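Novice: Structure for this input, please:
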Amino acid sequence: MHAAIKSISNDEIDVAKFSPENPTCFSLNLRIRIGANETAGSDDFELCVCTPEWLHQTTWEPRWGRHLLIVREYDFSAIEQCIQSYVADCKGDSWNIVAGKLARVFAWEFEDYQE
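Specialist: Just a heads-up that it's a prediction; the model follows:
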């Protein structure tokens, strides 16, 4: 089973048209819908994309960096390619195995879910 991106979006802006005021100092939360390539369904994963300058200006105390992609400047094409590349490498015998690999870098909506 292979993971496939179904869509990349943000709840507040159109990511295809977004351009930050300062491309070297920004933060953007992305919702990435990813599912098995054999199905139409998907789960929600989230990722914060930001620059070192944004971290420098907004972070004063120690902070963990999970679910974070740090880029030098805003280039949605490069960001999307980085995400696509990671997702394409996520394979496994079941969706739970694949989703677990995705959850290493993306915040998975079902992470820590227990039945």
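Novice: which intervals of the chain have sub-threshold pLDDT?
Specialist: 114-115 (pLDDT under 70).
Novice: can you pull out the helices in it?
Specialist: All helices of the chain, identified by DSSP state H, fall at 52-58, 76-88, 95-102.
Novice: any chance of those helices in CSV, plus mean neighbour count and distance to residue 69?
Specialist: Just so you know, the C-beta spots here come from the backbone N, C-alpha and C atoms, and that holds for glycine as well. Converted to CSV, those look like this (neighbours: other Cβ atoms under 10 Å; distance: least, Cβ to Cβ, whole Å):
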stretch, mean neighbour count, distance to residue 69
helix 52-58, 13, 12
helix 76-88, 15, 7
helix 95-102, 17, 13
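Novice: show me what contacts the residue nearest the centre of the chain?
Specialist: In the chain, the residue lying closest to the centroid (Cα atoms, centre = their mean) is residue 47, at 3.3 Å. Taking Cβ atoms under 8 Å, 6 or more residues apart in numbering, we find residue 47 in contact with 29-30, 32, 67-69, 83, 105-107.
Novice: Identify each buried residue in the longest strand seen in the chain, please.
Specialist: Ranked by residue count and defined by DSSP state E, the top strand of the chain is strand 27-36. Using 16 or more other Cβ atoms under 10 Å as the test for burial, strand 27-36 gives 28, 30-36.
Novice: for those residues, which one is nearest residue 75?
Specialist: Relative to residue 75, the closest of the buried residues of strand 27-36 is residue 28; by Cβ to Cβ it sits at 11.8 Å.
Novice: Not counting its neighbours along the chain, what's nearest the closest one?
Specialist: With sequence-adjacent residues excluded and distances taken as Cβ to Cβ, 6 or more residues apart in numbering, residue 28 is closest to residue 49, at 4.9 Å.
Novice: what sits against the one you found?
Specialist: Contacts of residue 49 by Cβ under 8 Å, 6+ apart are 27-30, 68-71, 79.
Novice: Mind putting the residues you listed into CSV with distance to residue 11?
Specialist: Listed next are those as CSV, based on distance: Cβ to Cβ, whole Å:
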residue, distance to residue 11
27, 14
28, 11
29, 8
30, 10
68, 18
69, 18
70, 22
71, 20
79, 17
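Novice: Pick out whichever of these sits closest to residue 90.
Specialist: residue 69 (15.5 Å).
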